[in-house]
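# mind folding the following:
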Amino acid sequence: MIVDKSPLPGDEVNIEPEDAPPSYDASVVSPPPLHRDEKAGPSNTSSTHSSTQNNSSSPISPKSPSTAPSHKPGGKRPSSTSWFNFGPSARATKEVRATIKGLLRDLVKQTDAQGALGVLESCADACRTYDLSLSTLLQERSIEGHTPLYWSIINRPSAESSDASSPTPTPTQESIERDRDVVMALLSHAAPLTDATVDEIRLACLHASDHGLFQRLRRSPAFAPLSGSDEIILGGTVPVDDVEVEDVPGDEAGFVVNFRIPMFQKRMRISQEITLEFIAKGRLWLLRFLVAKQSDSRLGYQHMRAGSWVVALSLLPHSPPTWIDSRLVIEDPRSRTAQSPISTSASAFPSLPSSQSSSGPPTSLSEAVEGMVQQVARESEGPLAWRDKPKPKIELRIKRSEQLTAPTSPWSTCHPVIAVSLEEDVRANSLQFKGCPYIESDGSLLARLEARLVQPGSDCIIC
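Below is the predicted model:
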């Protein structure tokens with residue numbers, strides 16, 4: 001016969017004060033009394049209590065919250081972090097953060113690129129361990145008001161210091177290549193970049209007057225991500241828009257920008273904008289080919305017919321104001337390989353002597369044969385030569401009667417822009433048509449911008 005009895009004094013489970021979670025003293029209710037038969041054996045409470053003490057003294061991984069006991073059947077398990085702080089404490093995290101910022105400060109001053117890369121990887125490991133964001137640290141202006149990315153570009157050795165004429169890379173050249181890798185490694189760890197960081201990188205390249213590095217950074221997806229349409233058109237790769245800047249010898253105010261734009265017509269029809277950025281004469285420039293829209297802020301204070309193809313030139317932030325007189329020049333690709341019919345026929349018959357004198361009958365049989373061959377060549381190749389004759393080059397004047405100024409910030413919606421519609425020139429307007437003779441056979445557009453930082457005057461830009 002089983003008789004219910006009131007609980008004995010030693011039957012309930014007692015939790016020692018030092019074992020009880022401090023935050024649960026007032027909220028956790030003691031377990032209900034245990035009902036047992038008087039004929040049952042001795043209570044195993046002591047063994048259970050001993051087992052509980054042994055378990056509480058064993059180490060617990062911070063990632064194993066399931067080892068904490070459950071006090072409410074069917075309810076939520078109390079978080080172990082409210083009892084024990086197994087993860088990095090706030091104080092430790094703060095100290096690690098300060099240490100990493102100090103290491104980054106030293107990293108951008110190092111001349112040993114390999115050592116800098118090792119330090120960067122150590123910082124990345126520490127950030128993963130302490131749940132810190134290395135991207136955020138690299139984009140904080142924590143070093144003299146600038147980011148570590150800024151100082152890594154400023155302290156990067158100039159490519160001009162290397163001996164490019166030597167057949168094998170010198171130690172200086174190898175060091176430059178490694179330093180380039182440091183900048184790119186910092187950029188990869190900092191991605192995704194904020195607009196403020198991109199503006200900071202532009203400023204660093206401008207202060208360092210490093211157009212080559214600026215173009216390399218523009219090809220990086222972290223610096224210049226593709227639009228959705230461009231990503232589909234180009235297969236997810238950043239288009240290699242080659243941009244080269246040359247100074248004009250003997251003209252301190254003149255410069256020439258040669259550029260090559262792959263898949264020009266397709267990108268214009270689908271993406272409706274192609275952007276080129278470059279550094280010249282201590283300024284950041286923006287050259288755009290775009291399809292105009294209604295109330296288009298990209299055109300500044302100018303208005304173009306919606307749907308027209310436009311070329312626009314403007315300054316980017318941090319650039320001082322300047323006068324500008326320039327022209328866009330696009331040549332027929334055939335002009336680079338065109339040959340005259342006379343030279344073609346002469347090369348086809350190298351055994352024949354040079355052409356006879358301008359007048360008089362032939363003085364020998366060989367001269368008579370040569371004259372007949374040249375006449376036949378001119379008659380047969382005349383129509384073909386006329387069809388393949390290069391067209392005149394396109395010249396679009398890009399000038400401004402007032403000084404060109406830069407926007408005060410990258411987020412300015414309206415700022416001075418020099419915009420010219422391709423419809424102003426018949427030949428330039430043909431760039432949007434299929435079979436345009438000014439487009440390369442692979443779909444690329446080769447052009448150059450000739451500019452002088454002077455007040456517009458005569459028609460001559462760069463003589």
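# and the helices in the stretch 351-463 of the chain?
Using DSSP state H, counting those that start in this stretch, the helices of the stretch 351-463 of the chain run over 365-387, 426-429.
# where among these is average confidence lowest?
Least confidently modelled of those is helix 365-387, at a mean of 59 by mean pLDDT.
# any idea how far residue 394 is from residue 332?
Counting by Cβ to Cβ, to the nearest Å, the gap from residue 394 to residue 332 is 9 Å. The way it works is simple: take the backbone N, C-alpha and C, and place the C-beta from them, glycine included.
# okay, now the unreliable bits of this structure?
Scanning the chain for pLDDT under 70 picks out 1-88, 111, 158-180, 236-239, 338-369, 371-387, 458-463.
# which residues in it form helices?
45-57, 90-107, 113-129, 134-138, 148-154, 171-190, 195-208, 211-218, 228-233, 264-270, 341-348, 365-387, 426-429 (DSSP state H).
# what's the first-to-last distance across stretch 413-422?
The first residue of stretch 413-422 is 24 Å away from its last residue (Cα to Cα, to the nearest Å).
# contacting residues around that stretch?
Defining contact as Cβ atoms under 8 Å, 6 or more residues apart in numbering, one finds that stretch 413-422 is touched by 292, 297-302, 304-305, 308-315, 324, 328, 396-400, 402, 404-407, 428-429, 431-432.
# mind doing that once more with 6 Å?
297, 299-300, 302, 304, 308-314, 396, 398, 400, 404-405, 407, 428-429 (Cβ atoms under 6 Å, 6 or more residues apart in numbering).
# need the buried ones from the residues you listed selected in ChimeraX.
Per 16 or more other Cβ atoms under 10 Å, the buried members of the contacts of stretch 413-422 correspond to this ChimeraX selection:
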select :299,300,302,304,309,310,311,312,313,314,396,398,400,404,407,428,429
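# quick one on the thing from earlier: who's more crowded, residue 394 and residue 332?
A side-by-side neighbour count of residue 394 and residue 332, using other Cβ atoms under 10 Å, places residue 394 first with 21 against 18.
# that one against residue 427, yeah?
Yes: between residue 394 and residue 427 there is a contact under Cβ atoms under 6 Å: 4.8 Å.
# which ones are touching residue 247?
Residue 247 is in contact with residue 255, counting by Cβ under 6 Å, 6+ apart.
# let's go with 8 Å and repeat that
By Cβ under 8 Å, 6+ apart, the residues touching residue 247 are 254, 255.
# who does it bridge with?
On the basis of DSSP bridges, residue 247 takes part in beta bridges with residue 255.
# ok, the nearest residue to residue 424 once chain neighbours are set aside - contacts?
Nearest non-adjacent residue to residue 424, counting by Cβ to Cβ, 6 or more residues apart in numbering: residue 396, 7.2 Å away. If a contact means Cβ under 8 Å, 6+ apart, then residue 396 has 311, 327, 328, 420, 422, 424, 425, 428 as its contacts.
# I figured the first one was touching residue 327, is that so?
No: in this structure residue 311 lies outside contact range of residue 327 using Cβ atoms under 8 Å: 10.7 Å.
# what touches both of the two?
The contact sets of residue 311 and residue 327 overlap at 396, 398 (Cβ under 8 Å, 6+ apart).
# can you list residues touching both of residue 394 and residue 427?
residue 438.
# spit out the residues that contact residue 394 and residue 332 alike.
Shared contacts of residue 394 and residue 332 (Cβ under 8 Å, 6+ apart): residue 438.
# filter the contacts of residue 396 down to the ones in strands?
Judged by DSSP state E, the subset of these located in strands is 311, 327, 328, 420.
# from the residues you listed, which two are the most distant?
Greatest spacing in the ones in strands among the contacts of residue 396, by Cβ to Cβ: 311 and 327 (10.7 Å).
# which of the contacts of residue 396 tops the neighbour count?
So for the contacts of residue 396 (other Cβ under 10 Å), the most neighbours sit at residue 328, 23 neighbours.
# tell me the bridge partners for it.
On the basis of DSSP bridges, residue 328 is bridged to residue 396, residue 449.
# ok, residue 388 - how many residues close by?
For residue 388, using other Cβ under 10 Å, the count is 13.
# so what's it closest to, chain neighbours aside?
Once flanking residues are discounted, residue 388 sits nearest to residue 334: 6.1 Å by Cβ to Cβ, 6+ apart.
# tell me the one of the ones in strands among the contacts of residue 396 nearest residue 210?
Among those, residue 328 lies closest to residue 210 (Cβ to Cβ), at 25.3 Å.
# and the closest one, how far from residue 321?
Applying Cβ to Cβ, the value for residue 328 to residue 321 is 22 Å.
# do the same with residue 276
Counting by Cβ to Cβ, the gap between residue 276 and residue 321 amounts to 21 Å.
# compare those two (neighbour count), which wins?
Legend: neighbour count by other Cβ under 10 Å for residue 276 and residue 321, higher for residue 276 (19 against 13).
# give the contact list for that one.
Residue 276 sits next to 241, 243, 259, 261, 286, 287, 288 when contact means Cβ under 8 Å, 6+ apart.
# run the last query once more with 6 Å
Contacts for residue 276 (Cβ under 6 Å, 6+ apart) come out as 241, 243, 259, 287.
# what bridges to it?
Beta-bridge partners of residue 276, as defined by DSSP bridges: residue 287.
# between the two ends of stretch 405-419, how far is it?
Taking Cα to Cα as the measure, stretch 405-419 stretches 14 Å from start to finish.
# buried residues, it. List them.
Under 16+ other Cβ under 10 Å, the buried positions of stretch 405-419 are 406, 407, 415, 416, 417, 418, 419.
# same thing with stretch 211-230?
By 16+ other Cβ under 10 Å, the buried positions in stretch 211-230 come out as 211, 213, 214, 215, 217, 218, 220, 222, 223, 224, 226, 230.
# what distance do you get for the nearest residue to the third one once chain neighbours are set aside to residue 199?
Closest residue in space to residue 214, ignoring its immediate chain neighbours: residue 205 at 4.0 Å, by Cβ to Cβ, 6+ apart. When Cβ to Cβ is applied, the distance between residue 205 and residue 199 equals 11 Å.
# more neighbours, these two?
A direct count of neighbours by other Cβ under 10 Å for residue 205 and residue 199 places residue 205 higher, at 24 against 17.
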